[in-house]
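Visitor: sequence first, then the predicted structure, then my questions.
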Amino acid sequence: MIYNDKWQIDGAGASTGPQEERRKPLSSPDSTLVGLPTAELADVSSDDAPVWMSEDDQDVFGMSSVRPEVRMTLCDMVTAILVPWAAFALSLVIFICLYHDHAVLVWILQILCTLLALCTVLTGHRVRDAMIISLGFLSLASIALGAAAGTWLEAEYLQRFWQLYRASSYQLILPSSDPSKLPMDSFLRFSDGTVLDDFHALGYLAKGNTYCVAPIRLTGSSSEPVRYWAVGKNCCDRRGTFNCGPQPEHAAVIAEHLDETFLRAVLQASSVYHLPLEEVDVAKPQLVTLIEHPSQLLAEIWYESTRVAVMAALMHLAVCVIAVLTMATATAYGRKLKDSL
């Protein structure tokens with residue numbers, strides 16, 4: 001009970017004193033609690049949770065003593081950088097090593113990792129820990145980016161790598177054979193008597209590169225339509241030279257998908273040298289790459305895919321460092337995150 005100093009209480013509990021000096025509210029400047037100094041009253045009315053409230057009561061009234069830290073420690077920063085980066089790298093490695101044979105298993109692992117990251121976010125929300133929440137969201141983004149990068153690598157490099165890796169034999173073809181029936185997932189060889197007509201080679205300048213094309217034909221068949229063209233980049237002059245691989249009869253041949261720039265080079269060469277071409281609706285000119293040995297191409301594809309994967313991992317590490325440093329240097333980071341919960 002809160003009383004003025006002038007109040008008197010008799011043994012029966014009846015109050016005496018002026019009627020106008022009855023009990024005063026806490027908001028009154030001169031109000032006090034019996035036995036408590038004014039300084040302690042100021043502490044009770046402060047923003048902090050009262051000392052006489054239990055932790056359960058504080059949770060009920062939104063006064064939980066567990067609050068986000070305003071600043072991250074060095075250990076928190078290192079963890080927030082390395083854990084999401086490890087999630088990205090693991091996701092990328094899983095795609096590179098397993099997707100070609102175990103696609104379903106890869107997606108199951110991706111879903112499990114995503115659920116684990118979601119559990120991390122929910123745990124951080126429950127205990128009101130900004131560090132755990134940030135770790136969960138960064139891991140979610142890293143897993144998604146790793147899956148996207150792995151899918152792109154599989155479609156761009158690894159699918160063809162594994163197809164050629166499993167090709168156990170060569171298929172013999174003639175320069176006059178129909179290109180539409182040419183397999184794209186195996187190594188080829190031209191028959192004996194096939195020559196590279198570098199006299200009719202041409203270098204087409206486009207996009208800062210020289211796109212080189214040269215017809216492949218049988219000896220003494222200059223009047224027949226050209227169906228196969230050897231291609232390469234930056235390995236020829238404007239006219240009459242072609243240094244993009246060995247002679248066709250001694251080379252492993254890889255069929256290439258039709259590229260618009262190389263197609264323009266083929267059309268220009270046929271126009272300049274008056275070479276007969278098949279009609280487009282009958283058979284398109286087939287582009288091929290000449291290499292010394294199949295292992296040469298496999299090594300090039302694997303090296304390129306690995307280089308892209310390493311660059312992606314380094315770029316993601318840099319992004320994680322920037323993101324964590326930005327959060328660590330924000331003075332109101334923990335308070336803003338708590339207010340959003």
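Guide: Great, that's in hand. As the structure is a computational prediction, the values presented were derived from the model and not from experiment. Residues are numbered from 1 along each chain as shown.
Visitor: give me the element the spatially most central residue of the chain is part of.
Guide: Nearest to the mean C-alpha position of the chain, by CA atoms, centre = their mean, lies residue 145 at 2.5 Å. Using DSSP states H and E, the secondary-structure element containing residue 145 is helix 130-153.
Visitor: roughly how far apart are residue 254 and residue 130?
Guide: 54 Å (CB to CB, to the nearest Å). Backbone N, C-alpha and C define where each C-beta goes, glycine included.
Visitor: between these two, which is the more surrounded one?
Guide: residue 130 (22 against 18; other CB atoms under 10 Å).
Visitor: mind pulling up the pLDDT for that one?
Guide: The model reports residue 130 with a pLDDT of 77.
Visitor: beta partners for the nearest residue to residue 182 once chain neighbours are set aside?
Guide: In space, and not counting its chain neighbours, residue 182 is closest to residue 255: 5.1 Å by CB to CB, 6 or more residues apart in numbering. For residue 255, the beta-bridge partners under DSSP bridges are residue 288.
Visitor: ok, residue 255 touching residue 297?
Guide: No: if you go by CB atoms under 8 Å, residue 255 and residue 297 don't touch, sitting 11.7 Å apart.
Visitor: who touches stretch 148-159?
Guide: For stretch 148-159, the external contacting residues (CB atoms under 8 Å, 6 or more residues apart in numbering) are 88, 91-92, 94-96, 99-100, 301, 304-305, 308-309, 312.
Visitor: how about those in TSV, adding pLDDT?
Guide: Below are these laid out as TSV (pLDDT from 0 to 100):
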residue	pLDDT
88	95
91	93
92	93
94	92
95	91
96	90
99	91
100	88
301	89
304	93
305	93
308	94
309	94
312	95
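Visitor: out of those, which end up buried?
Guide: For these, a burial check counting by 16 or more other CB atoms under 10 Å picks out 88, 91-92, 94-96, 99-100, 301, 305, 308-309, 312.
Visitor: farthest pair within those residues?
Guide: 88 and 301 (22.7 Å; CB to CB).
Visitor: what number of residues lie near the closest residue to residue 286 other than its chain neighbours?
Guide: The shortest distance from residue 286 to any non-neighbouring residue, by CB to CB, 6+ apart, is to residue 179 (3.4 Å). Using other CB under 10 Å, residue 179 has 18 other residues around it.
Visitor: if we can go back for a sec, and the next helix or strand past the helix holding residue 145?
Guide: That would be, after helix 130-153 and using DSSP H and E, helix 159-165.
Visitor: for that following helix, buried residues please.
Guide: For helix 159-165, using 16+ other CB under 10 Å, the buried residues are 160, 161, 162, 164.
Visitor: for the second one, what are its contacts?
Guide: What it means is residue 161. 298, 301, 302, 305.
Visitor: check what pLDDT the third one gets.
Guide: What that stands for is residue 302. 91.
Visitor: which of the helices or strands spans it?
Guide: Going by DSSP H and E, residue 302 is part of helix 294-329.
Visitor: show me what that helix is packed up against.
Guide: helix 74-98, helix 130-153, helix 159-165, strand 252-256 (3 or more CB pairs under 8 Å, 6 or more residues apart in numbering; DSSP states H and E).
Visitor: next, the angle helix 74-98 makes with the second one.
Guide: When axes from the mean of the first three to the mean of the last three CA atoms, to 10 degrees is applied, the directions of helix 130-153 and helix 74-98 differ by 20 degrees.
Visitor: spatially nearest residue to residue 235, not counting backbone neighbours?
Guide: residue 244 (4.0 Å).
Visitor: that's a helix at that neighbour, yeah?
Guide: No: the assignment for residue 244 by DSSP: H, G, I helix; E, B strand; the rest coil gives coil, which leaves it out of any helix.
Visitor: if I look at it, how far off is residue 212?
Guide: 5 Å.
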